[in-house]
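Chemist: give me a 3D structure for the following:
(chains A and B)
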Amino acid sequence: MGRVCVVSCLMFCVVLLHGHQSRAAAHKRFGNMTYLTDSPYIVERVTLVNGQRVTWNGRLHHSMYYEGHYVYGDFNRDGRKDAASVVAQSEGGTGHFLELAFLINEGGQLVHRVSHYLGDRVMVNSLKERDGKVVIDMVVHREHDCRAGPTKRVKRVYDYLNPNPDLVLHS
Amino acid sequence: MPTKQTSNVDAWLKRETLRTRKALESASRHFDADDGLTVNTLEAVYGQESSFGTQLGTRGSSKPAGHFQFEPPTAKRYGLSVSKENDQRFDIYYASSAAARYLKDLDSMFSRKTGLSSGKSTIAVTNVSERKKFVLAAFNAGEGRVAGAQQLAEKAGKNPRLWSDVQQFVARAGTTRAKEQETREYVEKVLSYESEFAIKSPADKRKKQQKPGTRQAWCTEGRWRTIDDRPVFICA
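Modeler: Predicted coordinates:
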C-alpha cells in the first residue's frame, strides 16, 4: 500500500515538473517572438527580449509586452498546430492596449499574422482552445470603472477565421 | 425608498486627503495662462486612471502603475525612478508633477506644428478647449497616434483642428475601431469629470497662476541625434 502511494506521488511530481518545464519553455518562446505592431510609423514589427521591448523613433516610442498567456490550437483549420498569445502595446500614453496575437504555423514556424484587440488594461485570467477558437476568461471595464481597475468578468470567443471587424486592424 | 446614486466624483472627493489635494494643486503650477488645463483636469485624469489612488498596481512593474498609471519609459522621461525599492510612480507628489508636465508638453505639441518622428508631426490647434481634447486623447493613446489621425483627417478634407472631425481617423491611423472607441470615451469621460470637479472640488484653481511653468520651446526644424542611447532633437 505504502509503495503504491510513493509511486503515485512520484508520478504526480514528474507530471507536475514536466508541465512546469513546458510552460517555462513556452513563456520563453512567446516572450522572445517577433510580433507585428499597430504603430508602423514608429516600428512595424518587434522581436521581444525576455517578454518586452521598447523602440524609439524620434520623439515617439513604442513598447510591447508579452503578458504571460498563450494557447495552442489549429486556428486556421489547416491541420497544423498554431498558437495565440496575449501581448500589450503602448505608445507613451497611459493606455496599455492588450491584444490576442494569432501565430500561424507556416512550415513549422509560428508567424504573427493578425491580432484581435482585447482592450485597454483588461485583465486576462486564462486562455483556452475550443473548436479551433480561443476562449478568453478576462475582466473588462464597466462604465464607471477607472482604467486601472476593471471589474466585469467575461468569457469571450475569438475566431481567427471570422474576426469581429471592430477588433482587427482597420484597413 | 430609492437611494441617490453618488457619482464617481463625489466618491473620489470623499477619498481625497489633504496631502493629495496639495500635491495636485502644486502640480498644477506647471500649467499656465494660455492652456485650458487646471487642477480639475488633473483630478479628472487621476480619477479616470486609478480612481484616486485605489488601483495602483505593483511597484517596479514594467506595466502601467502608480497614481497616474505611467509605464516605465514615460515615467523615466519625466525623471521618475522606477524600481521595486523606489518607484516614484507611487508617490503622489512625483506622479502628479509628471502627469502635469506630460499634459503641458502635449498641450505645447498641439499648440504649434511639432515634429515627432520622420514624417509625423502635429497640426496646431489654436482653440484652447478644442486642444484639450487632443491632449487628453494623446495622454491615453500617445501623441503619434493622434498626430497621425490629424494628418489623415486633413487628407480626407476634414478639419484637423476639430476633435469631432479627427476622432474617427484614430482607427485609420493603424489601429482598431474598438481602440478608437475607447480613446473617444476616455476624452468624453475626463471632460465630464473635469466639469464636475470644477463645481465640487475645493482644490485651489489659482495655484497655476502663482508660478507659471517654464515653457519648453518646441522647434519644428532640426534633426535627430542619438546621445547616450537617447534620441535628442537638435533644433536648426
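Chemist: state the mean pLDDT of the longest helix along chain B.
Modeler: The single longest helix within chain B, with elements called by DSSP state H, is helix B:177-200. Helix B:177-200 shows a mean pLDDT of 92.
Chemist: identify the residues contacting residue B:168.
Modeler: Contacts for residue B:168 (C-beta atoms under 8 Å, 6 or more residues apart in numbering or on different chains) come out as B:153, B:180. Where C-beta positions appear, they are placed from N, C-alpha and C, glycine not excepted.
Chemist: and it, how far from residue B:7?
Modeler: 29 Å (C-beta to C-beta, to the nearest Å).
Chemist: which strands or helices does the longest helix of chain B pack on?
Modeler: If you count contacts as 3 or more C-beta pairs under 8 Å, 6 or more residues apart in numbering or on different chains; DSSP states H and E, helix B:177-200 packs onto strand A:109-120, helix B:8-15, helix B:39-50, helix B:128-141.
Chemist: can I get it in PDB, CA atoms only?
Modeler: The C-alpha coordinates for helix B:177-200 follow below in PDB (Å, rounded to 0.1, in the frame of the first residue of the first chain):
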ATOM      1  CA  ARG B 177     -12.300  50.700 -34.200                       C
ATOM      2  CA  ALA B 178     -12.600  49.300 -30.700                       C
ATOM      3  CA  LYS B 179      -9.500  51.100 -29.600                       C
ATOM      4  CA  GLU B 180     -10.700  54.300 -31.300                       C
ATOM      5  CA  GLN B 181     -13.900  54.000 -29.300                       C
ATOM      6  CA  GLU B 182     -12.000  53.600 -26.100                       C
ATOM      7  CA  THR B 183     -10.000  56.800 -26.800                       C
ATOM      8  CA  ARG B 184     -13.200  58.700 -27.600                       C
ATOM      9  CA  GLU B 185     -14.700  57.600 -24.400                       C
ATOM     10  CA  TYR B 186     -11.600  58.400 -22.400                       C
ATOM     11  CA  VAL B 187     -11.800  62.000 -23.700                       C
ATOM     12  CA  GLU B 188     -15.500  62.300 -23.000                       C
ATOM     13  CA  LYS B 189     -15.300  60.900 -19.500                       C
ATOM     14  CA  VAL B 190     -12.300  63.000 -18.400                       C
ATOM     15  CA  LEU B 191     -14.000  66.200 -19.700                       C
ATOM     16  CA  SER B 192     -17.200  65.300 -17.900                       C
ATOM     17  CA  TYR B 193     -15.400  64.600 -14.700                       C
ATOM     18  CA  GLU B 194     -13.400  67.800 -15.100                       C
ATOM     19  CA  SER B 195     -16.600  69.900 -15.300                       C
ATOM     20  CA  GLU B 196     -18.000  68.100 -12.200                       C
ATOM     21  CA  PHE B 197     -14.700  68.700 -10.300                       C
ATOM     22  CA  ALA B 198     -14.800  72.400 -11.300                       C
ATOM     23  CA  ILE B 199     -18.100  72.700  -9.400                       C
ATOM     24  CA  LYS B 200     -17.500  70.400  -6.500                       C
END
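Chemist: and that helix with helix B:8-15, angle?
Modeler: Direction vectors for helix B:177-200 and helix B:8-15, defined by axes from the mean of the first three to the mean of the last three C-alpha atoms, to 10 degrees, enclose an angle of 60 degrees.
Chemist: pretty sure residue B:45 sits against residue B:139.
Modeler: Yes - judged on C-beta atoms under 8 Å, residue B:45 makes contact with residue B:139 at a distance of 6.8 Å.
Chemist: give the intersection of the neighbour lists for the two.
Modeler: Between them, residue B:45 and residue B:139 have residue B:103 as joint contacts when contacts are counted by C-beta under 8 Å, 6+ apart.
Chemist: now the strands: where do they sit in chain A?
Modeler: Secondary structure of chain A (DSSP state E): strands located at A:34-36, A:45-47, A:52-57, A:60-73, A:82-90, A:97-106, A:109-120, A:123-130, A:133-140, A:152-158.
Chemist: please disregard the earlier target; I meant chain B.
Modeler: Counting by DSSP E, the segments of chain B that form strands are B:115-117, B:120-121, B:222-227, B:230-235.
Chemist: contacts only, for residue 88.
Modeler: Looking at chain A here, since you left the chain open. With contacts defined as C-beta under 8 Å, 6+ apart, the neighbours of residue A:88 are A:64-65, A:67, A:96-99, B:63.
Chemist: oops, chain B please
Modeler: By C-beta under 8 Å, 6+ apart, the contact list for residue B:88 reads B:66, B:75, B:80-82, B:94-95.
Chemist: among those residues, which ones are in helices?
Modeler: Per DSSP H, the contacts of residue B:88 map to helices at B:75, B:94-95.
Chemist: interface residues of chain A facing chain B?
Modeler: Taking C-beta under 8 Å from any C-beta of the partner chain as the criterion, chain A approaches chain B at residues A:38-42, A:52, A:54, A:56-61, A:63, A:65, A:88, A:90-97, A:117, A:119-121, A:144-149, A:165-170.
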